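Trainee: Make a model of this:
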Amino acid sequence: MDDVLSFADELPNPGPHHGVPWKILIADDDPSVHLVTKLALGDFTFEGRRLELLSAYGEDDTRRLLAEHPDTALILLDVVMDTMDSGFTLVRYIRETLKNKDVRIIMRTGQSGNAPEDRIIIDYDINDFKDKTELTVAKLRTTMISSLRTYSHLKIIAEEQRKSSANRAYLHTIIDSLSSVVITLDLDLRVLLWNQEAERWTGVEATSAVGWNLFEVAEIFRPLKDLFGELLASAVPARIERTSIPLRKDGQVFVHLILQTLAGSNGPEILFRLDDRTIAKQQNDQIIRSQKVNAFSVLAAGVARELADVLHSSEGDSVDRIRAWGQRASGLLDRLVRFSPTTTPSQEPRDWAALLKSKVSTLGLPPGLTLSYKGPETVAWVGAHPGGLEAIVDNLLENAVDAMTSMPGASDLAGPRSVEVGLNQENLGENDRLKHPDLAAGMYWLLTVRDHGVGMSPEVASQVFDPYFTTKPGGQGLGLGLPLVYSLAEGLGGFVDLSSSPGYGTLVTVYLPLWTGQVHKSG
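Mentor: Here you go, the predicted structure:
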């Protein structure tokens with residue numbers, strides 16, 4: 001045995017070949033078989049890897065070497081060694097005891113004809129059965145190539161399965177760590193996955209849920225049957241999302257849910273995600289109530305301040321004071337009523353270009369200020385409520401003038417004291433939705449009013465559309481101008497953009513959709 005093993009020193013140097021050698025176990029009680037096999041395979045390589053030939057001369061040798069080398073790729077196994085059926089005994093040991101389904105087993109015998117080859121291959125889970133006399137060098141090498149290729153493919157598949165299993169375990173860990181209820185179902189609404197939050201939220205363990213109908217497992221979800229029916233009736237893929245849906249769970253709760261069909265490994269599946277929003281809704285309701293109370297408080301304070309300016313004015317004639325108070329109150333109520341959601345007069349076509357030309361030509365400017373207007377030579381039809389366009393233009397021009405005259409720091413401005421008004425047409429599409437989430441694609445008229453006044457910081461600019469927020473000195477403004485512009489534009493299907501920088505002025509852009517209805521001559 002030692003003389004045969006020493007033959008391995010005479011193998012050619014591996015040279016440039018790289019990689020871990022393929023381990024081949026020769027299990028045969030005839031030393032000459034080992035010698036001939038090693039001579040035939042001495043310079044053999046496959047996929048750039050040489051062979052490491054291991055020799056076993058009996059059943060015990062074979063078991064020992066398999067324990068020491070579990071990564072053996074191929075066994076050339078003699079049928080008769082210690083007993084007449086040693087080879088078959090070893091095959092059962094390898095496949096059943098060691099649970100090794102990957103190693104390729106080629107059985108070799110010098111006593112062919114004792115059993116049909118096909119029955120042996122089927123009954124004993126071997127990969128080939130050869131007579132030693134017919135296994136020439138060429139056939140041996142061919143057998144090696146096919147066996148090692150199969151073994152390599154099996155290992156690749158096993159590694160991919162291992163990675164896939166690890167990925168699934170990793171994903172399950174992530175899903176179990178979520179604070180959302182996550183459940184997957186087949187199209188018959190049988191549970192496939194039930195995460196830990198689903199266990200906590202429903203009180204039903206995953207082992208009791210998987211494989212059962214969702215509504216039988218957790219009756220709390222029964223009110224959602226119609227939504228599941230709607231999802232299943234939709235074309236795949238489909239998605240349904242609902243917020244603040246009431247359910248009964250130790251009292252009423254409100255949930256945000258997502259239902260979505262997905263392509264699973266075994267066919268379409270349903271993803272059911274649920275988030276308990278009860279506490280968040282309660283907090284939001286409290287915030288809304290506080291905002292309503294604050295809004296009324298601010299409204300009352302603003303109205304009181306506006307009217308108090310008249311009451312405490314220096315006007316000596318009480319009649320004139322009462323008249324001024326009445327005019328001030330009338331104007332105040334006119335601005336407030338425009339915020340009322342119950343006031344929705346029908347829109348009529350108005351020529352925005354003609355209105356702007358008229359306003360610009362009649363606007364009285366303080367000394368040192370200039371105003372320029374650039375607009376279309378044709379009409380600019382937009383739909384508007386009576387007085388709506390006038391209110392938008394008047395408030396924007398008033399703010400632009402104030403920014404260069406009465407605002408703190410206006411007297412220190414060094415640049416040109418000018419207001420630039422423009423009106424042009426633009427086609428807005430889906431890519432412009434960043435300007436406004438509710439934008440409807442189509443043609444718009446854009447009114448731009450740019451001043452070169454004191455400007456605003458980002459913190460201030462973010463609040464200018466809040467009612468009663470004003471940057472003007474006390475007694476000069478109620479803080480309803482830009483909120484009114486915003487409200488009117490939104491009511492007409494448009495929106496407002498504002499950009500400003502301290503010391504460089506402010507640009508306000510009002511977008512209103514083109515009027516697409518009929519225009520009567522009287523309009």
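
Trainee: what stretches of the stretch 201-350 of the chain score poorly on pLDDT?
Mentor: Where the stretch 201-350 of the chain drops to pLDDT under 70, the residues are 236, 288-345.

Trainee: which residues of it fall in helices?
Mentor: For the stretch 201-350 of the chain, the helices defined by DSSP state H, counting those that start in this stretch cover 206-209, 214-217, 225-233, 278-311, 318-337.

Trainee: who's in contact with the first one?
Mentor: By that I understand helix 206-209. Helix 206-209 is contacted by residues 191, 194-196, 198-199, 202, 217-218 when judged by C-beta atoms under 8 Å, 6 or more residues apart in numbering. The way it works is simple: take the backbone N, C-alpha and C, and place the C-beta from them, glycine included.

Trainee: Is Leu371 part of a helix or strand, or is it coil?
Mentor: strand (DSSP: H, G, I helix; E, B strand; the rest coil).

Trainee: Who does it form a beta bridge with?
Mentor: Under DSSP bridges, the beta-bridge partners of Leu371 are Val419.

Trainee: what's the burial count for it?
Mentor: Burial of Leu371 is recorded as 18 neighbouring residues (other C-beta atoms under 10 Å).

Trainee: buried residues in stretch 72-82?
Mentor: Across stretch 72-82, burial judged by 16 or more other C-beta atoms under 10 Å covers 72-81.

Trainee: now, which of those lie within helices?
Mentor: Nothing among these maps onto helices, per DSSP state H.

Trainee: Farthest pair within those?
Mentor: Ala73 and Val80 (23.8 Å; C-beta to C-beta).

Trainee: List the contacts of His256.
Mentor: His256 is in contact with 241-245, 274-275, 277, counting by C-beta under 8 Å, 6+ apart.

Trainee: So in terms of bridging, what pairs with it?
Mentor: Counting by DSSP bridges, His256 is bridged to Asp275.

Trainee: hmm, back to that, same list (the contacts of His256) but as CSV, adding neighbour count and distance to Val401.
Mentor: Below are these laid out as CSV (neighbours: other C-beta atoms under 10 Å; distance: C-beta to C-beta, whole Å):
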residue, neighbour count, distance to Val401
Glu241, 10, 48
Arg242, 12, 49
Thr243, 11, 45
Ser244, 12, 46
Ile245, 15, 51
Leu274, 22, 55
Asp275, 17, 51
Arg277, 18, 48
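
Trainee: List just the nearest of these to Tyr373.
Mentor: Once C-beta to C-beta is applied, the member of the contacts of His256 that ends up nearest Tyr373 is Thr243, at 46.4 Å.

Trainee: same for the helix ranked longest in the chain, what does it pack against?
Mentor: Counting by DSSP H, the longest helix found in the chain is helix 137-177. Using 3 or more C-beta pairs under 8 Å, 6 or more residues apart in numbering; DSSP states H and E, the elements in contact with helix 137-177 are helix 31-41, strand 45-46, strand 74-78, strand 104-109, strand 128-131, helix 196-202.

Trainee: Buried deepest among these, which one?
Mentor: Most buried of the helices and strands packed on helix 137-177, by mean neighbour count (mean count of other C-beta atoms under 10 Å): strand 74-78, with a mean of 25.
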